[in-house]
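# sequence plus the predicted model coming up.
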Amino acid sequence: MEGQSVEELLAKAERDEAEKLQRITVHKELELEFDLGNLLASDRNPPTGLRRAGATPEAELQALARDNTQLLINQLWQLPTERVEEALVARLPEPTTRLPREKPVPRPRPLTRWQQFARLKGIRPKKKTNLVWDEVSGQWRRRWGYQRARDDTKEWLIEVPGGADPLEDQFAKRIQAKKERVAKNELNRLRNLARAHKMQVPSAAGLHPTGHQSKEELGRAMQVAKVSTASVGRFQERLPKEKTPRGSGKKRKFQPLFGDFAAEKKSQLELLRVMNSKKPQLDVTRATNKQMREEDQEEAAKRRKMSQKSKRKGGRQGPGGKRKGAPPSQGGKRNRALGGRMNSGPPPLGGKRKGGQHRGGKRRK
Amino acid sequence: MRPLTEEETRVMFEKIAKYIGENLQLLVDRPDGTYCFRLHNDRVYYVSEKILKLAANISGDKLVSLGTCFGKFTKTHKFRLHVTALDYLAPYAKYKVWIKPGAEQSFLYGNHVLKSGLGRITENTCQYQGVVVYSMADVPLSRTFL
């Protein structure tokens, strides 16, 4: 009995071995084409098995996929391996298939201002040497860049030029000029970039680094600067003879002259209908303002009550609730001013606040 | 020249509705053609679409008038109805007042109409109602408040 079971086991083991081998080796009429760099295997065999399967080819497809993947893995096992941080890794060769472009071809970017000018004038770039002989340091130095040959900001002695102010700092002047050149360069680079991408370049307060700007640009920059205060320009003084700028508000947009006549008629009839209906229409802004005002008043009353309660902590409890005339109006108003709006809900829906609540600012008694 | 904004239309309709009430929609929506209101130099003109298209060919500073002038907007954006609108208000008027021939001249020269000068009046006219004044020959003379 045991012998039989042992034999059975051995036979089973042999059968499993055979199956495994069979699984590993796959027979194909045409060899597959492998591109191991992309982990790609192309099967050129005609799909007769699939055609025979008919309506439900799932099993056939799965078998096909398994076979092809087995062949690919066999190829991978033949690659040279190496050990990377305790993992056995196969080194893939270079991919041979050329994949198509993912994104469209980039369009040629527009020429910069200098390039346009050079093209117009026919200026070609002169070939220059990278290194220049520097007398002062006695060595070959770069033409431009770090430790360049002729860096005028690095001179240790500068003679004061004939017509200049003797107290002027020439070193600082040179450094300042360099900074301006760098800034101007950067601005031009950004402008070229913006032109290439058709974007707007944000300018530092509308001012050009070199200071050469047209009157209109300066005027605009000045207007913007005037309004860029916390009070939105309300307390900015004007120069003695400066006039108020006209037309700095938003331009109103009207409907076109020959708009859609039918639509115009419809909107007018709608307006008439609203006007003629006896029910008063809900004015959303007024309703929300009223609601908010009521909420503020409730909060203020509550706060007043709490402060009063804390004031007379020892003494008698008056007939709580409403006390007419007892809290002075000034105290009440001050409390409201201090309290303010601690928990402001969603912002008010447009419109002016009618009958007012002043938000801070001056309280008129 | 431009169409009226919502606000301006509302103000104008409110004024006109005092005299003709809901018949105003007959002015807006006419069966015999598309008529519209256009604003030119603060004056409101009631003009047919055909005339409007012709008037668009004239430059704004040279254009004096088009269609019928209904009235104008004042500097503080109030609407003042002009007598030229009478031809359109009269047929749709809700409350009418006829005055006797004797009082007619006096009224036309700006004086008040006494009760004795009143010929006919539509019934149920309340106090301070906007009315259109007719002569006894059914010629619309003016509009006024009672």
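Right, received. Where do you want to start? Residues are numbered from 1 along each chain as shown, chains lettered A, B, ... in the order given.
# how about the residues of chain B by chain A?
Applying CB under 8 Å from any CB of the partner chain, we find that chain B lies next to chain A at B:1-3, B:5-6, B:9-10, B:13-14, B:17, B:21-22, B:24-25, B:28-29, B:34, B:36, B:38, B:49, B:52-53, B:56. Bear in mind the C-beta positions are built from the backbone N, C-alpha and C, glycine included.
# list the contacts for residue 43?
I went with chain A, as the question did not name one. Contacts for A:D43 (CB atoms under 8 Å, 6 or more residues apart in numbering or on different chains) come out as A:K28, A:L30, A:L32, A:L64, A:N68.
# looking at chain B here, not the other one
For B:R43, the contact set (CB under 8 Å, 6+ apart) comprises B:S65, B:C69, B:G71, B:K72, B:F73.
# ranking those by neighbours, who comes first?
Highest neighbour count within these, by other CB atoms under 10 Å in any protein chain shown: B:G71, with 20 neighbours.
# pretty sure that one is in a helix, no?
No. Looking at B:G71 with DSSP: H, G, I helix; E, B strand; the rest coil, it is strand, so not inside a helix.
# what bridges to it?
B:V44, B:L81 (DSSP bridges).
# thought it was touching B:H82?
Yes. Using CB atoms under 8 Å, B:G71 is in contact with B:H82, at 4.7 Å.
# mind listing the helices for the chain?
Unless you meant another one, I'm taking chain A. Counting by DSSP state H, chain A has helices at residues A:2-24, A:48-53, A:58-77, A:113-121, A:170-197, A:215-227, A:261-276, A:284-311, A:329-339.
# chain B is the one I meant
B:6-20, B:24-28, B:49-55, B:86-89, B:101-108.
# buried residues in the first one, which are they?
Residues of helix B:6-20 classed as buried: B:E8, B:T9, B:R10, B:V11, B:M12, B:F13, B:K15, B:I16, B:A17, B:K18, B:Y19, B:I20 (neighbour count, 16 or more other CB atoms under 10 Å in any protein chain shown).
# ok, back up a step: out of the contacts of B:R43, who's nearest chain A?
B:F73 (14.0 Å; CB to the nearest CB).
# between the contacts of B:R43, which is nearest B:G117?
B:G71 (27.3 Å; CB to CB).
# what residues are up against the closest one?
By CB under 8 Å, 6+ apart, the contact list for B:G71 reads B:M12, B:K15, B:R43, B:V44, B:F79, B:R80, B:L81, B:H82, B:A85.
# what do you get for A:N45?
Taking CB under 8 Å, 6+ apart, one finds A:K28, A:E29, A:L30 in contact with A:N45.
# show the pLDDT at it.
You'll see A:N45 listed with a pLDDT of 88.
# go on, B:Y128?
Confidence at B:Y128, expressed as pLDDT, is 91.
# I'd say it and B:Y95 touch.
No. Taking contacts as CB under 8 Å, B:Y128 lies outside contact range of B:Y95: 11.2 Å.
# dump the buried residues of helix B:6-20 to JSON lines, plus pLDDT.
JSON lines is the format used below for the buried residues of helix B:6-20 (pLDDT from 0 to 100):
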{"residue": "B:E8", "pLDDT": "94"}
{"residue": "B:T9", "pLDDT": "95"}
{"residue": "B:R10", "pLDDT": "93"}
{"residue": "B:V11", "pLDDT": "94"}
{"residue": "B:M12", "pLDDT": "95"}
{"residue": "B:F13", "pLDDT": "94"}
{"residue": "B:K15", "pLDDT": "93"}
{"residue": "B:I16", "pLDDT": "94"}
{"residue": "B:A17", "pLDDT": "92"}
{"residue": "B:K18", "pLDDT": "91"}
{"residue": "B:Y19", "pLDDT": "92"}
{"residue": "B:I20", "pLDDT": "91"}
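# just send those residues back as TSV, with distance to A:M222 too.
Output for these, formatted as TSV (distance: CB to CB, whole Å):
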residue	distance to A:M222
B:E8	35
B:T9	39
B:R10	40
B:V11	38
B:M12	41
B:F13	44
B:K15	44
B:I16	47
B:A17	49
B:K18	50
B:Y19	53
B:I20	54
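# let's see if you can find the most crowded of the contacts of A:N45.
Within the contacts of A:N45, A:K28 tops the neighbour count with 12 neighbours, counted by other CB under 10 Å.
# so how far is chain B from the closest residue to that one other than its chain neighbours?
Leaving aside its chain neighbours, A:K28 sits nearest to A:N45 (5.7 Å; criterion: CB to CB, 6 or more residues apart in numbering or on different chains). From A:N45 over to chain B the distance is 75 Å, taken as CB to the nearest CB, to the nearest Å.
# okay, the spatially most central residue of chain B: pLDDT?
Among the residues of chain B, the one closest to the centroid is B:A85, at 3.3 Å (CA atoms, centre = their mean). Listed pLDDT for B:A85 reads 94.
# could you do A:G321 as well?
Looking at A:G321, the pLDDT reads 44.
# same thing with the one 3 residues further on?
Among the per-residue scores, A:K324 shows a pLDDT of 49.
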